[in-house]
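Visitor: here is the input, now give the coordinates:
(one chain, ligands or ions: 2)
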Amino acid sequence: PYSSLLDQRPGKNLQRAPDSFNCKKFFQQCGLTKKSPAEVKKVFGILDNDASGFIEEEELKFFLQRFNPGARVLTEKETKAFMSAADDDSDGMIGADEFQAMVLS
Ligand SMILES: [Ca+2]
Ligand SMILES: [Ca+2]
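Guide: Ligands and ions are numbered 1, 2, ... in the order given. Below is the predicted model of the structure:
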């Protein structure tokens with residue numbers, strides 16, 4: 001299951017309030033920053049729901065829900081901030097390399 005990839009599931013208390021989401025902090029809280037590149041790639045695959053090879057803004061919005069169906073969706077502000085933090089080449093999508101660089105840096 002998806003949540004086994006994380007040390008802590010998002011949802012209950014984790015960045016629950018709207019506009020409180022901070023992706024870097026989230027990766028640390030969930031223990032993702034200590035995972036192997038292969039595991040981070042698995043997480044990327046979960047987030048890339050349509051298997052396009054990229055995480056689009058529409059998919060990013062449901063970031064928290066991919067790990068815990070009871071979690072909230074990200075606000076537009078959070079989604080945009082998340083996207084711009086990860087999207088190095090500014091094509092409006094997060095590629096596997098960009099995701100990995102962001103999580104593990
Ligand atoms: Ca996709
Ligand atoms: Ca990109």
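Visitor: helices of the chain, start to end?
Guide: 23-29, 37-47, 57-60, 63-67, 76-86, 96-104 (DSSP state H).
Visitor: can you pull the pLDDT of whichever residue of the chain sits closest to ligand 1?
Guide: Nearest residue of the chain to ligand 1: Ser52, at 3.6 Å (C-beta to the ion). Glycine gets a C-beta too; all of them are placed from N, C-alpha and C. We have a pLDDT of 98 for Ser52.
Visitor: with Glu59 as the reference, measure out to it.
Guide: As for Ser52, its distance to Glu59 is 9 Å (criterion: C-beta to C-beta, to the nearest Å).
Visitor: coming back round to it: single out the most deeply packed of the helices of the chain.
Guide: Among those, helix 63-67 has the highest mean neighbour count (mean count of other C-beta atoms under 10 Å), at a mean of 20.
Visitor: for the closest residue to Lys25 other than its chain neighbours, give its distance to Leu64.
Guide: Spatial nearest neighbour of Lys25, excluding adjacent residues (C-beta to C-beta, 6 or more residues apart in numbering): Gln15 at 7.4 Å. Gln15 sits 8 Å away from Leu64, going by C-beta to C-beta.
Visitor: one more: Ala85?
Guide: Distance from Ala85 to Leu64, by C-beta to C-beta: 16 Å.
Visitor: quick one, what contacts Asp89?
Guide: 95, 98 (C-beta atoms under 8 Å, 6 or more residues apart in numbering).
Visitor: do you know the pLDDT at Asn13?
Guide: 60.
Visitor: returning to that earlier point: now the residue of the chain closest to ligand 1: how far from ligand 2?
Guide: Distance of Ser52 to ligand 2, given as C-beta to the ion, to the nearest Å: 12 Å.
Visitor: for that residue, grab phi and psi.
Guide: phi -80, psi -10 (degrees, to the nearest 10).
Visitor: residues near the nearest residue to Leu6 once chain neighbours are set aside, how many?
Guide: Distance criterion C-beta to C-beta, 6+ apart; nearest residue to Leu6, sequence neighbours excluded, is Cys30 at 4.3 Å. Number of residues near Cys30 (other C-beta atoms under 10 Å) recorded here: 21.
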